[in-house]
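Student: I'll drop the sequence and a predicted model, then ask my questions.
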Amino acid sequence: MSAILDRIEQIKKGSLPQRLGVGAGHLGRMWKEGVRCKSAWKATCACGLDQNSFCRTKLKWVGLLVELYGIFPDGLTGAEEYFVIEAMTLSMVKASGLVVLVEVPGARKPIKMGGALENWNLLNELGEMDPDDVPGFLEAVVLMQEKL
């Protein structure tokens, strides 16, 4: 019986990256539609009883993230202003449909991630530069998002 329960748990955990990608898509769509949380992209929600679909989706997304990793990934604390975006993988950022401006140390200006195909090529190249296969933008500071 224990082996069956372990297998069920393994299957559930295996579907989490896909579910997080779908959730990122919903968050991006709602953000572009103007449905926002008072805490924006932080891991928490300050809306209280005024929670909307973005708030609930964001909190569910953060819960799935913790379920996948056991903790917040990549040294994030949850208090970061753009926690949700910083915690996303490349495929999740792409699924969100958002354009993200990233300040890269040493760069003259922020780099635009998302939108046009060439921006996604740059994002993948940054990710491949990291020997741990961690997207390069995770160490950068996210400045803002803008509509496509």
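Tutor: Now that the structure is in, tell me what you want to look at. Numbering: from 1, shown residues only.
Student: residue 12: neighbouring residues, count only.
Tutor: 11 (other CB atoms under 10 Å). Placement of C-beta: from N, CA and C, glycine included.
Student: strands along the protein, start to end?
Tutor: Counting by DSSP state E, the segments of the chain that form strands are 99-103, 111-113, 141-146.
Student: and the closest residue to residue 57 other than its chain neighbours, what pLDDT?
Tutor: Nearest residue to residue 57, sequence neighbours excluded (CB to CB, 6 or more residues apart in numbering): residue 26, at 5.3 Å. In this model, residue 26 is scored at 97, pLDDT.
Student: which secondary structure element of this structure has the lowest mean pLDDT?
Tutor: strand 141-146 (a mean of 38; mean pLDDT, DSSP states H and E).
Student: grab the most central residue of the protein for me.
Tutor: Residue closest to the mean C-alpha point of the chain, counted by CA atoms, centre = their mean, is residue 88 at 2.7 Å.
Student: and it, what's its pLDDT?
Tutor: For residue 88, the model assigns a pLDDT of 88.
Student: so who does it touch?
Tutor: Shown in contact with residue 88 (CB atoms under 8 Å, 6 or more residues apart in numbering): 20, 24, 96.
Student: same thing but 10 Å
Tutor: 20-21, 23-24, 27-28, 61, 65, 73, 82, 94-96, 98, 100, 135, 137-138 (CB atoms under 10 Å, 6 or more residues apart in numbering).
Student: give me the below-cutoff pLDDT ranges for the chain.
Tutor: The chain contains residues with pLDDT under 70 at 1, 6-8, 11, 111-148.
Student: helices of that one, start to end?
Tutor: For the chain, the helices defined by DSSP state H cover 2-14, 16-32, 53-69, 83-87, 90-96, 117-129.
Student: now the second one: buried residues?
Tutor: The neighbour-count check on helix 16-32 (16 or more other CB atoms under 10 Å) flags 20-21, 23-24, 26-31 as buried.
Student: what do you get for the third one?
Tutor: Using 16+ other CB under 10 Å as the burial criterion, the residues of helix 53-69 that qualify are 54-55, 57-59, 61-62, 64-65, 68.
Student: return the member of the residues you listed nearest to residue 5.
Tutor: For those, the residue nearest residue 5 by CB to CB is residue 68; the value is 18.6 Å.
Student: thanks again, I'm all set now.
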